[in-house]
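> Sharing a model prediction with you, sequence too.
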2 protein chains.
Amino acid sequence: MTTQAIRKTRNPEQTRSDLLDAAYTEILESGYQAASLERILANTSVSKGALYHHFGTKRELGLAVIKEVIAPQLAARWFAPFTEHDDPLASLQRILEEKIRTADESVIRYGCPLNNLIQEMSPLDEEFRRGLQQILELWVEVMATALADGQQAQKVRADVAPKEVALFIVAAIEGCVGLGKNAQSVEAYQRCLRQLQLYVQSLAA
Amino acid sequence: MTTQAIRKTRNPEQTRSDLLDAAYTEILESGYQAASLERILANTSVSKGALYHHFGTKRELGLAVIKEVIAPQLAARWFAPFTEHDDPLASLQRILEEKIRTADESVIRYGCPLNNLIQEMSPLDEEFRRGLQQILELWVEVMATALADGQQAQKVRADVAPKEVALFIVAAIEGCVGLGKNAQSVEAYQRCLRQLQLYVQSLAA
DNA sequence: TTGACAAGATACCGCTTGGTCGGTATCTTT
DNA sequence: AAAGATACCGACCAAGCGGTATCTTGTCAA
């Protein structure tokens, strides 16, 4: 016989979304493997029963965080701006300028959630890897397409290989975040992105 | 009363070094937090008592791996080649060419031990962060010095800022490894490094 | 109004984890 | 040879982990 501390009103979608948010934060702070379900529950005042009602395993929760939290977040912050104009280099410069301007301690502290999970999980779990890879490929594709369009519009040098350069730029971005994170220095992060800006500039026709 | 399975001959240095090697591998495969002491012991046939004789805590073992295994390894593979010649860009191209040529599944599978630990540990443990930062700073410094020397010798464009560019190159390298790791694709890794080569080439006077 | 099911609660479980501790064997010193 | 320090052994421990079982309660269609 148990007395239950019942939530007044039910709201399964809210519960699910609360769990995803808390899990996202916990994973960002501790990594996936070290993420504690107990801690996630404590931060949501959701019960373990509710958690396992919505997600079959910790793994499922982690995969859902990738698909439903991280992917949309990156899409909004990095992909979307490209589709707005016909000069991809200008778009990219604007994005980078924005990142440099708004860089603060929170970005530098925990780094890029995508990159964090890549380094930790991609050798350990094939499904995690594929989820992350999907985001990465979309990112590269969006950028490559924009670069190719830019070539048509004579804004981008004809000798650049769009896919290759897009891949490199994504790599450089992740690298910059990573270095800034370890230096715990907003300034180092900004200096690194500035060099990337110079590189992007050199791609102009 | 316990009967002990004694090692015929004592060899503390060997034991310590065995532990460091096994810990390095375990950390590379699982990350630091998920690294299991039991598994390390199983791979070394060293007893738990011996481990805790040489290292006070798991943390000490991890820090020792950074200082005594990862740091020298990176120094040998990435720093040393710079001091050999007076044309830093040529040195760098040679290093990158070598990396592209010898890229194999093992590099792509587990990525860069330095980068892995950065993403996982730098927000969680200040001493880990400092140990990793020391390696990073040395790397950047070696490269920056080489670039500055290259400017003196008129081999490097006068308008490049050595420290900034060195930082960016290190970031780009880590980024390339990271992307290759998640793509599980030697080819993606190579393509990414090729773009870095083109960038390095553009620095020539 | 009621039956069926979704949603949520909580006590509990087996297992692994990093770490401890009393003890023993070997090596060095005197 | 005695003694003291160093190296090593392995049983044990508390805590935290992800996961399960069993229960109650809210919701809504029939």
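Great, that's in hand. Numbering: from 1, shown residues only, chains lettered A, B, ... in the order given.

> So the residue in chain A that DNA strand C sits nearest to versus chain B, what's the distance?
Residue of chain A nearest DNA strand C, by Cβ to the nearest atom of the strand: residue A:49 (1.7 Å). Backbone N, C-alpha and C define where each C-beta goes, glycine included. With distances taken as Cβ to the nearest Cβ, to the nearest Å, residue A:49 is found 27 Å from chain B.

> For that residue, list the residues it contacts.
Applying Cβ atoms under 8 Å, 6 or more residues apart in numbering or on different chains, we find residue A:49 in contact with no residue.

> buried stuff in the helix or strand where it lies?
Using DSSP states H and E, residue A:49 falls within helix A:48-54. Across helix A:48-54, burial judged by 16 or more other Cβ atoms under 10 Å in any protein chain shown covers A:50, A:51, A:54.

> what's the answer for stretch A:135-148, then?
A:135, A:136, A:139, A:140, A:142, A:143, A:144, A:145, A:146, A:147, A:148.

> Next: stretch A:17-33.
Buried, per 16+ other Cβ under 10 Å, within stretch A:17-33: A:18-20, A:22-28, A:30-33.

> now do stretch A:103-116
Neighbour counts using 16+ other Cβ under 10 Å place A:103, A:107, A:108, A:110, A:111, A:112, A:113, A:114, A:115, A:116 of stretch A:103-116 among the buried residues.

> Quick one: check it for contact with chain B.
Yes. With Cβ under 8 Å from any Cβ of the partner chain as the criterion, chain B is reached by stretch A:103-116 at A:109, A:110, A:111, A:115, A:116.

> Could you export the buried residues of stretch A:17-33 to CSV, including columns for pLDDT, distance to DNA strand D and secondary structure?
Listed next are the buried residues of stretch A:17-33 as CSV, based on pLDDT from 0 to 100; distance: Cβ to the nearest atom of the strand, whole Å; DSSP: H, G, I helix; E, B strand; the rest coil:
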residue, pLDDT, distance to DNA strand D, secondary structure
A:18, 97, 16, helix
A:19, 98, 13, helix
A:20, 98, 15, helix
A:22, 98, 13, helix
A:23, 98, 10, helix
A:24, 98, 15, helix
A:25, 98, 14, helix
A:26, 98, 9, helix
A:27, 98, 10, helix
A:28, 98, 15, helix
A:30, 98, 9, helix
A:31, 98, 11, coil
A:32, 98, 9, coil
A:33, 98, 8, coil
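
> Need the max-distance pair from those residues.
A:18 and A:33 (22.2 Å; Cβ to Cβ).

> what's the longest helix in chain A?
Longest helix of chain A, by residue count under DSSP state H: helix A:126-152.

> Pull the distance from that one to the chain's centre.
Average the C-alpha atoms of helix A:126-152, do the same for its chain, and the two points are 13 Å apart (Cα atoms, centre = their mean, to the nearest Å).

> Which strands or helices does that helix pack on?
Judged by 3 or more Cβ pairs under 8 Å, 6 or more residues apart in numbering or on different chains; DSSP states H and E, the packing partners of helix A:126-152 are helix A:58-65, helix A:71-74, helix A:88-102, helix A:113-121, helix A:162-183, helix B:162-183.

> got the ones you listed as JSON lines, with mean pLDDT columns?
JSON lines is the format used below for the helices and strands packed on helix A:126-152 (pLDDT from 0 to 100):
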{"stretch": "helix A:58-65", "mean pLDDT": "98"}
{"stretch": "helix A:71-74", "mean pLDDT": "97"}
{"stretch": "helix A:88-102", "mean pLDDT": "95"}
{"stretch": "helix A:113-121", "mean pLDDT": "98"}
{"stretch": "helix A:162-183", "mean pLDDT": "98"}
{"stretch": "helix B:162-183", "mean pLDDT": "98"}
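
> Give me the distance from stretch A:63-82 to the chain's centre.
Centre-to-centre, stretch A:63-82 and its host chain are 6 Å apart (Cα atoms, centre = their mean).

> Likewise for stretch A:114-126?
With Cα atoms, centre = their mean as the basis, stretch A:114-126 stands 13 Å off its chain's centre.

> Identify each buried residue in that stretch, please.
A:114, A:115, A:116, A:117, A:118, A:119, A:120, A:121, A:122, A:123, A:125.

> Contacting DNA strand D as well, which ones from the buried residues of helix A:48-54?
Applying Cβ under 7 Å from any atom of the strand, the subset of these adjacent to DNA strand D is empty.

> Need those residues in TSV (columns: pLDDT).
Below are those laid out as TSV (pLDDT from 0 to 100):
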residue	pLDDT
A:50	97
A:51	98
A:54	98
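
> Now flag whichever of those is closest to chain B.
residue A:51 (21.5 Å; Cβ to the nearest Cβ).

> The closest one contacts residue A:36, correct?
No. With contact defined as Cβ atoms under 8 Å, residue A:51 does not reach residue A:36; the gap is 12.0 Å.

> still on that earlier bit, what angle do the longest helix of chain A and helix B:162-183 make?
Between helix A:126-152 and helix B:162-183, the angle comes out at 120 degrees (axes from the mean of the first three to the mean of the last three Cα atoms, to 10 degrees).

> mean confidence for helix A:126-152?
Helix A:126-152 shows a mean pLDDT of 97.

> measure stretch A:28-45 end to end?
End-to-end span of stretch A:28-45 (Cα to Cα, to the nearest Å): 19 Å.

> if I look at the residue nearest to residue A:172 when sequence neighbours are not counted, how far off is DNA strand D?
Closest residue to residue A:172 apart from its sequence neighbours, by Cβ to Cβ, 6 or more residues apart in numbering or on different chains: residue B:172 at 4.8 Å. Distance of residue B:172 to DNA strand D, given as Cβ to the nearest atom of the strand, to the nearest Å: 34 Å.

> Which members of the residues of stretch A:103-116 next to chain B are the farthest-apart pair?
Among these, A:109 and A:115 lie farthest apart (Cβ to Cβ), at 13.7 Å.

> How about the contacts made by residue A:170?
Contacts of residue A:170 by Cβ under 8 Å, 6+ apart are A:136, A:139, A:140, A:143, B:175, B:179.

> what's the closest of the residues you listed to DNA strand D?
Using Cβ to the nearest atom of the strand, the contacts of residue A:170 come closest to DNA strand D at residue A:136, 25.6 Å.
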